[in-house]
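In: Okay, here's the prediction I keep looking at, along with the sequence it came from:
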Amino acid sequence: MSSVIERRASGSAAETLARVESARAVRPGAAVFLLTSLGGFLVSLDVSIANSLLPAIGADFHTADRAALSWIITGYAIVFAAVLVPAGRLADRAGRRRVYLGGLITFGVGSALCGGAPNLPLLLSGRILQGVGAAAASPASLGLLLAASDARHRSRYTARWTGAAALGICLGPLVGGLLTTAASWRWAFLVNVPIVLIAVTAAPRVLPETPRHPGRHLPDPIGAVLLALGAAALTLGISEATTWGLADARTLGCLVAGAVLATVFTRRCSRVDDPLLDLRLLKQRSFALTTITTFLYACGFFGMLLTFVLFLVGPWHLSLVQTGLALLPMGGVVVTMTTRVGDLAGAIGFRTPLAVGSGCMAAGLLLSAWVDDGSQFSWTWLVLVALIGVGIGLCYPLLGAAAVAGLHHADLAAATAVNQCARQIGAALGVAVAVAVLGPVNPASIGRFHVTWIVCAGFCALAAVAASLMPRTSTARRSAQ
């Protein structure tokens, strides 16, 4: 009897000690959270800043049409998607802090090149370099944060990290407008350089290095090339369709080439030993539906973000600063919700928040299509933007968390890579579709904006359907058990 009591007491003591050790790791230090979240914030900020800068860049590079300028956004997203997985695996091999710092430095060099670019080709080269740096910094920063957090609270901190990224996207138009008005659009890129320098100086003192795994191989490089070329071909064909014509040989050639490359890429991922994307994860219903939701949501979200800026600057004739302020309620709602949405998903699961959030975005976009079609700003706009902000606040922080919740530790890196890749490819194709539907813009083309928003609402509605099909059982609860 006494031995039983002793075993129970010993077990209870061990459990208590485990809980104490776990509690110590639940909350990473504020400096760790800020420095790792900075990576997600910066790479996302430069997506939405680029949206707000297109009118000003177009005025300087007046020979470039809207389809050419859109590559400032889509080129960044495509390179990000293609380099993301090799960079994440390199972080496991060489140490996440080392790769994070290398990514930030590359991002800063690309920012400097963008800021000083005398022409569009060099600007696009800088954006590609930024995409490489972003692909290295993003997974490494999240990996550093999760390494400092307790596994049971992984979804919560993933949601908060993603919330910082969502904040960067929402603040981008205002920051870009302020910098462009005060100085030049070039400073919207150059401002990254001192921020990167501060982060690179502070990170070695604050962020502990993770263990290295030099024996791990880098994923299939041919797969990365196939993914980039396929996405680029599809994006080019879609964005230029209105200029070349749907039946033009160039349009059809790009679309066919993109489809063929996508097929070859998928088959290669299923056959090579170390694929770029681990497609076996898609056999899990919850993860597959999360990935589909992420892709569709990204198509609608990034298409909306670009066309909102063009609408406010174009038909409503707002300045870039006024445009940023008109979109600010969206960011305010997102910031307010980010601190709570992770706990909400932990209580009720991911299905309902993602379905409701995507539905709110679809509703806001559909209502925006019937907003005052006059030539001046309408206060109704702020209400609609706030409604869309509710959708962003529910979806953007949770999509990444939903992708990793309930998975085995060994699958976390692969799941994060597939999810972020789906988001970046969705962003590129969503922008391309928006550019194609919008066509040439002039102050009287409000109806084209309405059609574009209806298309974006369709993407978000499909995302809501995909989210509603997720298993009823909360993946958040399963991961905590």
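Out: On my side now, so go ahead. Residues are numbered from 1 along each chain as shown.
In: drop to CA atoms for contacts and neighbour counts, all remaining ones
Out: Noted.
In: neighbours around Asp273, how many?
Out: Neighbourhood size, Asp273 [other C-alpha atoms under 10 Å]: 11.
In: Next: Gly447.
Out: Using other C-alpha under 10 Å, Gly447 has 13 other residues around it.
In: and whichever helix or strand it is part of, which residues are buried?
Out: According to DSSP states H and E, Gly447 maps onto helix 446-468. Residues 446, 448-468 are the ones in helix 446-468 that count as buried (16 or more other C-alpha atoms under 10 Å).
In: what comes into contact with it?
Out: 289-290, 292-294, 296-297, 299-301, 303-304, 307, 311, 315, 351-352, 354-359, 361-363, 365-366, 368-370, 373, 430, 434, 437-439 (C-alpha atoms under 8 Å, 6 or more residues apart in numbering).
In: Looking at those, which are in helices?
Out: The members of the contacts of helix 446-468 that map onto helices under DSSP state H are 289-290, 292-294, 296-297, 299-301, 303-304, 307, 311, 351-352, 354-359, 361-363, 365-366, 368, 430, 434, 437-438.
In: out of the contacts of helix 446-468, which are buried?
Out: Buried members of the contacts of helix 446-468, counted by 16+ other C-alpha under 10 Å: 289-290, 292-294, 296-297, 299-301, 303-304, 307, 311, 315, 351-352, 354-359, 361-363, 365-366, 368-369, 373, 430, 434, 437-439.
In: pLDDT below threshold where in the stretch 1-150 of the chain?
Out: Scanning the stretch 1-150 of the chain with the threshold set as pLDDT under 70 gives 1-29, 149-150.
In: again, only using 50
Out: 1-26 (pLDDT under 50).
In: So which residues of it form strands?
Out: Under the criterion DSSP state E, counting those that start in this stretch, the stretch 1-150 of the chain carries no strands.
In: show me where it has helices.
Out: For the stretch 1-150 of the chain, the helices defined by DSSP state H, counting those that start in this stretch cover 2-26, 30-60, 66-69, 71-94, 96-116, 120-147.
In: which stretch of helix or strand covers Gln424?
Out: Going by DSSP H and E, Gln424 is part of helix 412-438.
In: Can you mark which positions in that helix are buried?
Out: Using 16+ other C-alpha under 10 Å as the test for burial, helix 412-438 gives 413-438.
In: now it: mean pLDDT?
Out: The pLDDT scores in helix 412-438 average 85.
In: so that helix versus helix 30-60, what angle?
Out: Per axes from the mean of the first three to the mean of the last three C-alpha atoms, to 10 degrees, the angle that helix 412-438 makes with helix 30-60 is 20 degrees.
In: elements contacting helix 412-438?
Out: When contacts are defined as 3 or more C-alpha pairs under 8 Å, 6 or more residues apart in numbering; DSSP states H and E, helix 412-438 packs onto helix 66-69, helix 71-94, helix 221-239, helix 241-244, helix 285-313, helix 380-404, helix 446-468.
In: make it 7 Å
Out: helix 71-94, helix 221-239, helix 285-313, helix 380-404, helix 446-468 (3 or more C-alpha pairs under 7 Å, 6 or more residues apart in numbering; DSSP states H and E).
In: Include distance to Arg127 when you put the ones you listed into JSON lines, please.
Out: Supplementary listing: the helices and strands packed on helix 412-438 in JSON lines, determined by distance: least, C-alpha to C-alpha, whole Å:
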{"stretch": "helix 71-94", "distance to Arg127": "6"}
{"stretch": "helix 221-239", "distance to Arg127": "14"}
{"stretch": "helix 285-313", "distance to Arg127": "17"}
{"stretch": "helix 380-404", "distance to Arg127": "23"}
{"stretch": "helix 446-468", "distance to Arg127": "25"}
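In: which residues of the stretch 201-350 of the chain score low on pLDDT?
Out: In the prediction, the stretch 201-350 of the chain carries no residues with pLDDT under 50.
In: ok, Pro471 - contacts?
Out: Shown in contact with Pro471 (C-alpha atoms under 7 Å, 6 or more residues apart in numbering): Ser286.
In: And for Glu240?
Out: Glu240 neighbours (C-alpha under 7 Å, 6+ apart): 67, 436.
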